[in-house]
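Participant: I'll drop the sequence and a predicted model, then ask my questions.
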Amino acid sequence: MTLRSKLIFYMIIPTLLLGIMGVVGIFSLKHLGQAAGTILDENYRSIQAARNMERILRSIESTLHKPRSGRESFAPSIATFLVELRRCEQAISEPDEKQLFKRVQQQWAKLSKALTPDPTSIRREDVHQYFGDIFRDIDSIISVNERAMSLREVKTRRVGRWMEIAVGASLAAAMLALVLFALVAARRISRPITQIADRLHGALNPELSPGLDEREPRDNPKTDEIARLRLELEALLARLGHYESEQNQRFEDLQGRLASIINEVLEGLLLLDEKRRVLAINRVAQAILGPEIAEGSRLELGRLGDEVGASLAPVIDGTAQNEQDLEDIQRELDGEVRHYRPRILSVRSSDPQSQGHLVIFWDITAQVRFDEARRGFISTLSHQLKTPLTSLAMSVNLLNERMRKVGAPPEQELLEIAKENCAVLSNLVSELISASKEMRPNLSYEKRRLDVREVLDHVLRPLVKMAQDKGVVVDNPPVPQPLWVQADATKLSWVLTNVIGNALQHTPARGRISINAISEGGQVTVGISDTGAGIPQKQLESIFLPFVSLQRDSGHGSHGLGLAIAREIMERHGGTIRAESRGGEGATFWIKLPIDRGESDESDSCG
């Protein structure tokens, strides 16, 4: 139980006792008030009503003693008497009073009958006969109520004495209980304080025994527990202050070592607050930004060079997003030209004043050199492919001319296909040579208005023969109306060839490949379905990532970059490519392109 709970507990009992004493006092006062009210209410009203009735009867009697000719009507007096009679009836509180009241009612009935309708008929000699009995009964009612009032007064005094005794006893009991509980509470409350002081002393002085006799005289444990606790807490605070000093010294040492390590890393680090003031900067970032940018200074475009300022402009104007890569920066460091790519990271904090940004200058020198070597390799390989490819194309053309003269249609069709593919390869090699000259190579896109049906027919010419040799049926139902799109013929043919080729590769003999092209919802949709082993559900998206391929026992899939390049080509055309499959039930690829509703060809180059 906590100290607060103990105090509350020890205050409850005295409070209850005081409450009981208050209830007893209130009950006593209420009882006394009820007794006094009884005296001043029922009995008083009965006496008052009886005296009023007696007064009215005296008035009627005095009138009857007058000569008959001087007598007036008794109707008002009779009405007033009836009112007082009802009041007396309502105030009856004593047992004897009820019998007397009935007799008064009977006698009044006789008297009121004699008084109406002719009061002159009563003789003066008979007046005493009519009024004698009713006066006696009314006097008896008054006597009964006066006697009852006297008895209740005695009872009230007796109750008052008992109430005085009860309230006095309750007060004495409450005072005694308060004293006892105060002693118990003081003992119970001081005990844990003493124990805490003992434990603190033992913890701060482990070389001493826990006995109180070995304490210093100033502690004086037997006189003041609070003072003992204060002394021990002061000693604890002193020990904590010493510990804090040691921790601060260790933190400063650790901070110095960390700053030294950060200063030696190859990446540049720049920490900014929400107002773009420099909180921390290491050696590499200092070399990149210049000597004007130091701790405490503000990051401004005027203090940065053109290249660095253009790269860090989003940081300065506050438009940069978290984890955003900024423009690359080239700087000479330690006698060597190095390349850096800044990345901004948001520093989150519950305190708005502590929020800011961390700019990391990643060293991408090795990546840049690798890209340069790769471009050189692509350029060399492309030029080396150009010569044999040109010879191959010339040989195919010569064979095509000779076969045309000889007149062998089947072989001539194969040579026509080989001739077309040689032209496609020649175009791709030319694009590789052009792309290898750029810092960030990209293949160009020459878009024009195409009929997807013609592209499909061109793609299926060589693939249908391969399917027949493998025993696979290719189902390509004719489409009655043209399916116009704006696309690069070579790139779109490459996408369709890649997807249909994958389907053919992973469809077993006696299988089927279904190709459907339709126009709906403002798009041209080409669906390519096969009856192969299908693609696992969890790999439907990963097959479009670079360098991701399915195992051969997984059935349908791509190997290497094919589908990744296909998705990139479709996105550059404003279209999409996606796959659907349930394991063991084949796969379906959906290729969608926007419909071209224009009439003229368009050609644009996207680098």
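Facilitator: Yes, it's here. All figures in this text were calculated on a predicted structure; none of them were measured in a lab.
Participant: Enumerate every residue touching the nearest residue to Ile262 once chain neighbours are set aside.
Facilitator: Excluding the flanking residues, the one nearest Ile262 by CB to CB, 6 or more residues apart in numbering is Asn282, at 4.9 Å. Quick note: C-beta positions are derived from backbone N, CA and C, even for glycine. Asn282 makes contacts with Ile262, Asn263, Val265, Gly268, Leu269, as judged by CB atoms under 8 Å, 6 or more residues apart in numbering.
Participant: Tell me the pLDDT of Asn282.
Facilitator: According to the prediction, Asn282 has pLDDT 83.
Participant: One more: the one 5 residues further on?
Facilitator: Ala287 is assigned 80 on the pLDDT scale.
Participant: quick one, what contacts it?
Facilitator: By CB under 8 Å, 6+ apart, the neighbours of Ala287 are Gly268, Arg331, Leu333.
Participant: Make TSV from these and add distance to Ser93 to it.
Facilitator: Listed next are the contacts of Ala287 as TSV, based on distance: CB to CB, whole Å:
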residue	distance to Ser93
Gly268	106
Arg331	114
Leu333	116
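Participant: Which of the contacts of Asn282 has the largest number of neighbours?
Facilitator: For those, the largest number of neighbours (other CB atoms under 10 Å) sits with Gly268, at 24 neighbours.
Participant: Quick check: that residue touching Ile364?
Facilitator: No - because the distance of 11.9 Å does not satisfy CB atoms under 8 Å, Gly268 is recorded as not touching Ile364.
Participant: number of nearby residues for Lys447?
Facilitator: The number of residues packed around Lys447, counting by other CB under 10 Å, is 21.
Participant: what do Gly268 and Ile364 both touch?
Facilitator: With contacts taken as CB under 8 Å, 6+ apart, Gly268 and Ile364 have Tyr340 as neighbours in common.
Participant: Tell me which stretches of this protein form helices.
Facilitator: Applying DSSP state H to the chain gives helices spanning 3-38, 44-64, 75-90, 95-115, 127-204, 225-264, 283-289, 306-317, 365-406, 409-435, 452-470, 489-505, 562-572.
Participant: Report the rounded mean pLDDT for the third one.
Facilitator: Helix 75-90 comes out with an average pLDDT of 82.
Participant: Now the residue nearest to Ile262: phi and psi?
Facilitator: For Asn282, the backbone dihedrals are phi -100, psi -180 (criterion: degrees, to the nearest 10).
Participant: Any chance of the helices of the chain in a markdown table with distance to Gln355 as columns?
Facilitator: Formatted as a markdown table, these follow (distance: least, CB to CB, whole Å):
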| stretch | distance to Gln355 |
| --- | --- |
| helix 3-38 | 39 |
| helix 44-64 | 85 |
| helix 75-90 | 85 |
| helix 95-115 | 92 |
| helix 127-204 | 41 |
| helix 225-264 | 21 |
| helix 283-289 | 20 |
| helix 306-317 | 14 |
| helix 365-406 | 31 |
| helix 409-435 | 43 |
| helix 452-470 | 53 |
| helix 489-505 | 46 |
| helix 562-572 | 36 |
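Participant: For Ile518, find the nearest of those.
Facilitator: Nearest of the helices of the chain to Ile518, taken as CB to CB: helix 452-470 at 9.9 Å.
Participant: list the buried ones in that closest one?
Facilitator: In terms of neighbour count (16 or more other CB atoms under 10 Å), helix 452-470 has its buried residues at Val452, Arg453, Val455, Leu456, Val459, Leu460, Pro462, Leu463, Val464, Ala467.
Participant: now what about the strand ranked longest in the chain, what contacts it?
Facilitator: Of all the elements of type strand in the chain, the one with the most residues (DSSP state E) is strand 336-347. Taking contacts as CB under 8 Å, 6+ apart, the residues outside strand 336-347 that touch it are 268, 271, 288, 311-312, 314-315, 320-332, 354-365, 367-368.
Participant: was I right about Ala487 contacting Gly574?
Facilitator: No - in this structure, Ala487 sits apart from Gly574 without contact. The criterion is CB under 8 Å, and the distance is 9.5 Å.
Participant: Looking at these two, which is more packed in?
Facilitator: Ala487 (28 against 13).
Participant: can you tell me how far that one sits from Asn502?
Facilitator: Look at Ala487 and Asn502: by CB to CB, to the nearest Å, they are 20 Å apart.
Participant: how does the protein divide up, domain by domain?
Facilitator: 3-180, 265-363, 370-435, 448-594 (automatic domain parsing).
Participant: among the ones you listed, which is nearest Leu231?
Facilitator: Nearest of the domains of the chain (CB to CB): domain 3-180, 19.1 Å.
Participant: Identify the residue nearest Pro60 in space, chain neighbours excluded?
Facilitator: You called it Pro, but residue 60 is Ile. The shortest distance from Ile60 to any residue that is not its chain neighbour, by CB to CB, 6+ apart, is 5.4 Å, and that residue is Ser77.
Participant: The one you found - how many residues pack around it?
Facilitator: 17.
Participant: Now do it against Trp108, distance only.
Facilitator: The spacing between Ser77 and Trp108, counted by CB to CB, is 12 Å.
Participant: cool, Val359 as well?
Facilitator: Computed with CB to CB, the distance linking Val359 and Trp108 is 115 Å.
Participant: now swap in Ala235 and tell me
Facilitator: When CB to CB is applied, the distance between Ala235 and Trp108 equals 99 Å.
Participant: Looking at the two, which has the bigger crowd around it?
Facilitator: Shown here are Ala235 and Trp108; by other CB under 10 Å, Trp108 has more neighbours (20 against 15).
Participant: Contacts only, for the more buried one.
Facilitator: Phe81, Leu85, Ile134.
Participant: what's the closest of those to Pro480?
Facilitator: When these are compared for distance to Pro480, the smallest value, 119.2 Å, is given by Leu85; criterion: CB to CB.
Participant: I'd say that closest one and Gln105 touch.
Facilitator: Yes - taking contact to mean CB under 8 Å, the distance of 7.1 Å between Leu85 and Gln105 places them in contact.
Participant: Could you check which of these two is surrounded by more residues?
Facilitator: Leu85 (18 against 14).
Participant: quick one: the more buried one and Ala109, what's the gap?
Facilitator: When distances are taken as CB to CB, Leu85 and Ala109 turn out to be 11 Å apart.
Participant: per-residue confidence at Glu454?
Facilitator: Reading off the confidence values, Glu454 has pLDDT 93.
Participant: same question, Ile8
Facilitator: Reading off the model, Ile8 has pLDDT 64.
Participant: cool, and Leu17?
Facilitator: 65.
Participant: for Gln48, same thing?
Facilitator: Gln48 carries a pLDDT value of 84.
Participant: please begin residue numbering at 56 from this point
Facilitator: Sounds good: first residue 56 from here, last item Gln103.
Participant: who's in contact with the nearest residue to it once chain neighbours are set aside?
Facilitator: If you skip the residues right next to it in sequence, Gln103 has Arg142 as its closest partner in space, 7.8 Å away by CB to CB, 6+ apart. Contacts for Arg142 (CB under 8 Å, 6+ apart) come out as Arg100, Gln103, Ala104, Asn107.
Participant: Looks like the third one contacts Glu139 (just checking).
Facilitator: Yes - taking contact to mean CB under 8 Å, the distance of 4.9 Å between Ala104 and Glu139 places them in contact.
Participant: the more surrounded of the two?
Facilitator: A direct count of neighbours by other CB under 10 Å for Ala104 and Glu139 places Ala104 higher, at 24 against 18.
Participant: If you tally nearby residues, what's the number for the nearest residue to the more buried one once chain neighbours are set aside?
Facilitator: Residue nearest to Ala104 in three dimensions, not counting chain neighbours: Cys143, with 3.7 Å by CB to CB, 6+ apart. With neighbours defined by other CB under 10 Å, the count for Cys143 comes to 25.
Participant: same check, this time on the one 5 residues further on
Facilitator: With neighbours defined by other CB under 10 Å, the count for Ser148 comes to 16.
Participant: Much appreciated, bye for now.
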